[in-house]
Every structure is written in structure tokens, then in C-alpha cells.
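output the structure for:
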Amino acid sequence: MKASIFTFVLCVFFYANLFSQVKLVAEPKAEYFDWFHNRSQTSHFYQNNSDLLVFRQNVPIRTAPSPDADVLTKLEMGQTVHNISFQDQAIPKDKLDGYNDIWLHVKGHLPKGQPFEGYVWGTHLARGWKTADITGDGQKELIMLGVSSLSRNSPKDINGELRIVKNGQLLEQKTLPGLCLFEECDNSTLLRILKNTPQHGQVIIEASTMTIGCWAAVEKTYLHWNGQEVELIYHGELISGKVYSQNPIQFSHPATEKTETCEYIGEDKYHNPKWRCRTVQSDETPTAVAVRE
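Residues are numbered from 1 along each chain as shown. As a prediction, the model looks like this:
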């Protein structure tokens, strides 16, 4: 698995012997790193025969790992393909739309059952995915996390994207500024769906990335599905404590006709979000705190 905890252990050993007075900033988070890795789907990109999901619509499958190769077929958003790992061979890399990423060798079946085998560009596949009934209609939606469909025109153009798919149709699409998900970022990703938090009936989505080397970084975002769209609640870096954006969420209780506003205040020992909530007037608007530099 990428960004293995083994790398972290080696770094701890190296620095402990070279600088006995130095304590790595990542060291207290070792348990969290293991917890994160156990839930990440990043390893699917490198394991043979693992399932991968198509993140965009009309994604081309090519005869060779090149944007100039012939197109064998095109796949629909949410379709499953199976990874054929390169084993001991070097994984082919390329730069398309400003993103440095890898080509994956995949196989699968078309809707009518015809088999195919070819190559797909890494940014066209989801980095994380879950199914959950977030709309409350008894049917599960597909929630996917991937690289933004926006072209990258400068080094600062780093965007992730969250997609919610229902019955094969795109229900919601949310750009996540600053969330780095393409191969060059060299990180693991985490997607979680948390229901009935901060109150019953609410749906919170966590979309986060983690990089581990001799230093570590965990970029965290929490989002709220308000029944119609996805709202960004929080974006920050876990280890440094730097906050990029924080926005209270507001929702109503139909039975009591009360309105509450809740803000994210951290995580509990199980790594679930904690909240500070209060009852407000129905016409009161929560104040967003945008602090990205």
C-alpha cells in the first residue's frame, strides 16, 4: 500500500538516531494513520483484479497507455472495471490536462456483456467511493471522490471533486478546492458517509487525503448533504491545525419547527466529528468563516 506506515517507522528510527532531541510532528498520529489506511481505497489502484469505478462520463478505454492510442470503447460514470496490475513492470505515466498521473490496465464488460481489455487514464477513475441512501427514498446513491474535471493550468490549480450518482445520472457535483487527489500528490484518500450526525436525519460526508513520509500531512474536509446539494462545512490540515474554511450548517426539525445551527469543533477518539449546536431563529443566517490564504 502507498504511504505505508512502514515509511513512517523508518523515518522515526532515522531521526531518533541522528537527532535524539527531535520529535517528529507525525509521531503522535501513528494510530490515526493505521486507522486511515484500513479505510482507504487507494490500494485498489495497485492491486491485481481489484475493483475500480469510472468517475466521469464517456471515459475512453484505449489500446495502449497513450492519449494517441485508438479508443476501444467508452465507459459510463459509475461503471466498474477490474485492475490488471503491472506487477514488476514500470507503471506508465503521462501528463494530461495539467495532471501528472498513471495509466491503468483494466478489463471489464460492456452493458450488453461484451468483454473488453485496455488502458484508462488515472484521473478518469474514482479515488474513493461508497453507496448509501442519503436522499431517504430507500434506494442507495453512489458517492464518488475523484480528481476535478477542471483543467489544471498552474501549480496552484489543485481541486478534488465529489460526485453523487443516482440511477446512472449525476445528482450532485461539488468542487473541493485544495484537495489533491492525482498521482503526483502521492497520498492515500478516505471517503466516509456519516448518517444521523450532528442530529438525526442529517448526512455528513468526509473526504480526506493523507501523505506520509518523514513528515506527514492530513487534509480533511467535511461536507453536509442538505437534501438538495452538498455544502462545505470544514477544510483544514489535521497535524498543523491550520484551518482553510469553516462554515456552520443550518437545518430545521419539521416536527418541532425549530432550527439549529451546528459547527464542527474537532474529532472524538473514534475519529468521528464533534459538533457545537444551538437553536436559532428560523430567519437567522449562519456566518461562514473563510480563512484560506
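
residue 253 and residue 160, how far apart?
Per CB to CB, to the nearest Å, residue 253 is found 32 Å from residue 160. To be clear about C-beta, it is placed using only N, CA and C from the backbone, and glycine gets the same treatment.

compare neighbour counts for these two and give me the winner.
Neighbour comparison, residue 253 and residue 160: the larger count goes to residue 160, with 26 against 13 (by other CB atoms under 10 Å).

now the more buried one: which helix or strand?
According to DSSP states H and E, residue 160 maps onto strand 159-166.

who touches that strand?
Residues from elsewhere that reach strand 159-166, judged by CB atoms under 8 Å, 6 or more residues apart in numbering: 55, 77-78, 126-127, 134-135, 139, 141-150, 170-181, 205, 207, 209, 223, 225, 230.

now a ChimeraX select for only the buried ones of the residues you listed.
Restricted to buried positions by 16 or more other CB atoms under 10 Å, the ChimeraX selection for the contacts of strand 159-166 reads:
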select :55,77,78,126,127,134,135,141,142,143,144,145,146,147,148,149,171,172,174,176,177,178,179,180,181,205,207,209,223,225,230
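
helices - which of the contacts of strand 159-166 land there?
If you go by DSSP state H, these have nothing in helices.

mind listing which of the contacts of strand 159-166 are in strands?
Of these, the ones assigned to strands by DSSP state E are 141-147, 170-177, 205, 207, 209, 223, 225, 230.

am I right that residue 36 is in a helix?
Yes: applying DSSP: H, G, I helix; E, B strand; the rest coil, one finds residue 36 inside a helix.

count of residues packed around it?
Residues near residue 36, counting by other CB under 10 Å, number 22.

ok, what's across the strand from the nearest residue to it once chain neighbours are set aside?
Using CB to CB, 6 or more residues apart in numbering and skipping residues adjacent in sequence, the residue nearest residue 36 is residue 210, 5.2 Å away. Listed beta-bridge partners, residue 210: residue 188, residue 218 (assigned using DSSP bridges).

distance of residue 210 relative to residue 272?
As judged by CB to CB, residue 210 and residue 272 stand 17 Å apart.

more crowded one of these two?
Of the pair residue 210 and residue 272, residue 210 is the one with more neighbours under other CB under 10 Å, namely 24 against 12.

tell me the contacts of the more buried one?
3, 33, 36-37, 40, 187-190, 216-219.

export the residues you listed to a markdown table and tack on pLDDT?
Shown next, in a markdown table, are those (pLDDT from 0 to 100):
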| residue | pLDDT |
| --- | --- |
| 3 | 44 |
| 33 | 91 |
| 36 | 94 |
| 37 | 92 |
| 40 | 95 |
| 187 | 90 |
| 188 | 94 |
| 189 | 96 |
| 190 | 97 |
| 216 | 82 |
| 217 | 90 |
| 218 | 93 |
| 219 | 95 |
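
could you report the separation of the spatially closest residue to residue 144 that is not a sequence neighbour from residue 215?
Counting by CB to CB, 6+ apart, the nearest residue to residue 144 once its immediate chain neighbours are dropped is residue 126, at 4.1 Å. Distance, residue 126 to residue 215, by CB to CB: 28 Å.

likewise for residue 97?
29 Å.

what do you get for residue 133?
Separation of residue 133 from residue 215 (CB to CB) stands at 40 Å.

now do residue 157
The gap separating residue 157 from residue 215 is 24 Å, by CB to CB.

go on, residue 236?
Counting by CB to CB, the gap from residue 236 to residue 215 is 17 Å.

these two: which is more packed in?
A count of neighbours by other CB under 10 Å puts residue 236 above the other of residue 236 and residue 215, at 19 against 12.

what is the burial count for the closest residue to that one other than its chain neighbours?
For residue 236, ignoring the flanking residues on the chain, the nearest one in space by CB to CB, 6+ apart is residue 243 at 4.3 Å. Neighbour count of residue 243, defined by other CB under 10 Å: 16.

and for residue 140, the neighbour number?
The burial count for residue 140: 13, using other CB under 10 Å.

pass me the low-pLDDT residue ranges in the stretch 101-250 of the chain, would you?
214 (pLDDT under 70).

one more time with 90, if that's ok
The stretch 101-250 of the chain contains residues with pLDDT under 90 at 110-114, 149-157, 168, 183-186, 199-201, 212-216, 239-240.

just confirm residue 44 is within a helix.
Yes: Residue 44: assigned to a helix according to three-state DSSP.

gap between it and residue 85?
Plainly put, residue 44 is 10 Å away from residue 85 if you go by CB to CB.

neighbour count for the two, which is higher?
Ranked by neighbour count (other CB under 10 Å), residue 44 and residue 85 place residue 44 first, with 20 against 15.
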